[in-house]
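Visitor: Dropping the sequence and predicted coords here.
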Amino acid sequence: MDALATMVENRFRHLPVVDDSGAVVGLLDIGKCLDDAITKLERAQEKSSSAAEDAVKQMANVQGAGNAQAAALQQLLGPLMAQAFGGKSSPTLRSLLAGRPATIVRPGTNCREAGMIMSDARKAALVVEDGRLVGIVSFKDMMSRAIAKELPLELSDVTTIMTPNPESVSPDTTVLEALQIMHDNKFLTLPVCESNGSVV
């Protein structure tokens with residue numbers, strides 16, 4: 001988890017692993033680290049959830065409640081016990097992104113200006129037209145579709161290098177669900193949009 005924190009804080013995709021003599025013995029990939037972290041969080045959540053359920057059942061048995069009473073007690077206290085045992089659900093993207101503006105460019109923005117905006121924000125740019133997401137421009141898009149092809153950056157519209165109609169998720173998606181989607185699809189960036197298509 002320390003390596004994952006280092007990669008996230010410093011925005012590294014890879015982190016060399018060195019031995020005591022300073023020789024490189026491996027290379028960590030953030031995707032693999034995230035997958036491992038997700039697996040650990042899911043296991044912890046399952047254990048917490050089952051511990052809460054077991055506690056409610058034990059309490060019902062100690063009180064001598066009948067089946068109907070035990071079921072009612074479990075329904076009433078189950079969510080409270082799950083929270084008490086830390087089995088509450090992962091935060092949503094809405095809560096995570098609150099107060100953090102998205103990096104947005106409009107169609108008609110040239111590639112140089114988009115690149116400068118992305119560089120300043122240190123993240124990919126969402127291409128938004130009339131309040132709706134129409135594309136995304138990643139650093140990889142900038143390098144492989146503009147720089148490598150020697151496009152004139154000041155004269156090339158960002159829409160010529162963007163990935164059109166990217167997959168997006170609801171702001172009510174949990175952080176764990178979003179990480180899993182990103183891992184499964186090998187996404188480095190996942191736009192978050194309301195049901196009407198507006199970017200969060």
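Guide: Perfect, I can see it now.

Visitor: what bits of this protein have low per-residue confidence?
Guide: Residues of the chain meeting the criterion pLDDT under 70: 1, 4, 8, 37-38, 41-42, 44-90.

Visitor: can you give me the strands for it?
Guide: Residue ranges of the strands in the chain, as given by DSSP state E, are 14-18, 24-29, 104-105, 125-129, 132-137, 163-164.

Visitor: in the fifth one, what's buried?
Guide: To tie it back to what came earlier, the one meant is strand 132-137. For strand 132-137, the neighbour count (16 or more other C-beta atoms under 10 Å) marks 133-137 as buried. Heads up, the C-betas are built off the backbone N, CA and C, glycines and all.

Visitor: Distance to Thr173 added to the strands of the chain, as CSV?
Guide: What follows is the strands of the chain, written out as CSV (distance: least, C-beta to C-beta, whole Å):
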stretch, distance to Thr173
strand 14-18, 27
strand 24-29, 24
strand 104-105, 20
strand 125-129, 16
strand 132-137, 15
strand 163-164, 20
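
Visitor: Among these, which comes closest to Leu153?
Guide: Closest to Leu153 of those is strand 132-137 (C-beta to C-beta; 12.3 Å).

Visitor: Give me the contacts around that closest one.
Guide: 105, 107, 114, 118, 124-128, 158-159, 161-166, 168, 189, 191, 193, 196-199 (C-beta atoms under 8 Å, 6 or more residues apart in numbering).

Visitor: Point out the one among the strands of the chain that comes closest to Met7.
Guide: strand 14-18 (5.4 Å).

Visitor: distance between the closest one and the chain's centre?
Guide: On the basis of C-alpha atoms, centre = their mean, to the nearest Å, strand 14-18 sits 23 Å off its chain's mean C-alpha point.

Visitor: and what of stretch 101-121?
Guide: Here stretch 101-121 is found 21 Å from its chain centre; the criterion is C-alpha atoms, centre = their mean.

Visitor: Quick one: end-to-end length of it, please.
Guide: Length of stretch 101-121, first residue to last, C-alpha to C-alpha, to the nearest Å: 10 Å.

Visitor: tell me which residues in that stretch are buried?
Guide: Here stretch 101-121 shows 102-103, 105, 109-112, 114-115, 117-118 as buried, counting by 16+ other C-beta under 10 Å.

Visitor: just the helices in the chain please.
Guide: Using DSSP state H, the helices of the chain run over 2-10, 30-62, 67-84, 93-97, 111-121, 139-141, 175-185.
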